[in-house]
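Trainee: Could you look at this predicted model? Sequence included:
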Amino acid sequence: MSANDIISLLLSLTGGLAIFIFGMIVMTEGLRLGAGPWLRHLLARSTQNGLAGIGMGTCLGVLIQSSATTVMLVGFLNAGLITLTSSIPPIIGANLGTTVSMQIISFRVGDYWFVPVIVGVLLQLALS
């Protein structure tokens, strides 16, 4: 590896880290400004005990994967919307949720796609 390659690697690494930190700062400020009473109430209720926090984290982990959930929780923590101790159960839940969603994918649920489609059509017909 030449000196130019090492310098290029270091510049890429520090530049990427700077962009990441800048994004976290912008997200924190946005959450701090945009967090209305509804979001504060939702977060307080969702993290009031460990089991509720794990449940919330699991749901978010299934829906949007653990890395995005963890970044959201770090943003909430950084914005002062939740405490450090109340953020631990949702992070554990996010990891559980990601595990569950990956396990579902490994079961090849795509082979059974017609079942939810039929249920959806029947629900649509029944409700309209």
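Mentor: Yep, it's here. Numbers count the residues shown, from 1 in each chain.

Trainee: now for the longest helix seen in the chain, which elements pack on it?
Mentor: Longest helix in the chain by number of residues, with DSSP state H as the criterion: helix 3-34. The helices and strands touching helix 3-34, judged by 3 or more C-beta pairs under 8 Å, 6 or more residues apart in numbering; DSSP states H and E, are helix 66-78. The way it works is simple: take the backbone N, C-alpha and C, and place the C-beta from them, glycine included.

Trainee: buried stuff in the helix it packs on?
Mentor: Of the residues in helix 66-78, Ser66, Thr69, Thr70, Val71, Met72, Leu73, Val74, Gly75, Phe76, Leu77, Asn78 count as buried by neighbour count, 16 or more other C-beta atoms under 10 Å.

Trainee: Please list all residues in contact with the first one.
Mentor: Contacts for Ser66 (C-beta atoms under 8 Å, 6 or more residues apart in numbering) come out as Ile91, Ala94, Asn95, Gly97, Thr98.
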